[in-house]
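Asks: give me the fold of what follows.
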Amino acid sequence: TPRLREQGASRRWCWGMGAHTPIPFVQSAGFRTLQILAEIDANRAVIVRAGGIDVVVAGMVAHRSLTRLQEQGCVVLVNLAESDANQAAIARAGGIEAVVA
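Replies: Take a look at the predicted model:
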């Protein structure tokens, strides 16, 4: 993953998800990728700086009726919530509301 960080993969992935929020397939693929990337400490800050929390919350809100997508989004948020700062960012982005909706 160091190479992914160097190449800005998280930033590009988050941009793509944000640009295609209405498309469930794109959101699902993005969530799966962010789940994996967010398992690694060093990637979490990169994902957050790239707008990852906002795109995950937006994807969850846009597709409330898709259970699997909701589950994937929750896993990403859980993986990102390893620090107090990220937990606060998730709350500010509406992540708590997205999870309980």
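Asks: name the element the residue nearest to L34 when sequence neighbours are not counted belongs to?
Replies: Excluding the flanking residues, the one nearest L34 by CB to CB, 6 or more residues apart in numbering is V76, at 4.7 Å. The way it works is simple: take the backbone N, C-alpha and C, and place the C-beta from them, glycine included. Assigned by DSSP states H and E, V76 belongs to helix 67-80.
Asks: keeping just the C-alphas, turn the helix or strand following that helix into CSV.
Replies: Under the assignment DSSP H and E, the closest C-terminal helix or strand after helix 67-80 is helix 84-92. Presented in CSV, the C-alpha positions along helix 84-92 are these (Å, rounded to 0.1, in the frame of the first residue of the first chain):
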residue,chain,number,x,y,z
ASP,A,84,-10.8,10.1,18.3
ALA,A,85,-10.2,12.7,15.6
ASN,A,86,-11.7,10.4,12.9
GLN,A,87,-14.7,9.5,15.2
ALA,A,88,-15.4,13.3,15.5
ALA,A,89,-15.0,13.7,11.7
ILE,A,90,-17.5,10.8,11.1
ALA,A,91,-20.0,12.4,13.5
ARG,A,92,-19.6,15.8,11.8
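Asks: which elements pack onto helix 84-92?
Replies: The elements that helix 84-92 packs onto, with contact taken as 3 or more CB pairs under 8 Å, 6 or more residues apart in numbering; DSSP states H and E, are helix 41-49, helix 52-62, helix 67-80.
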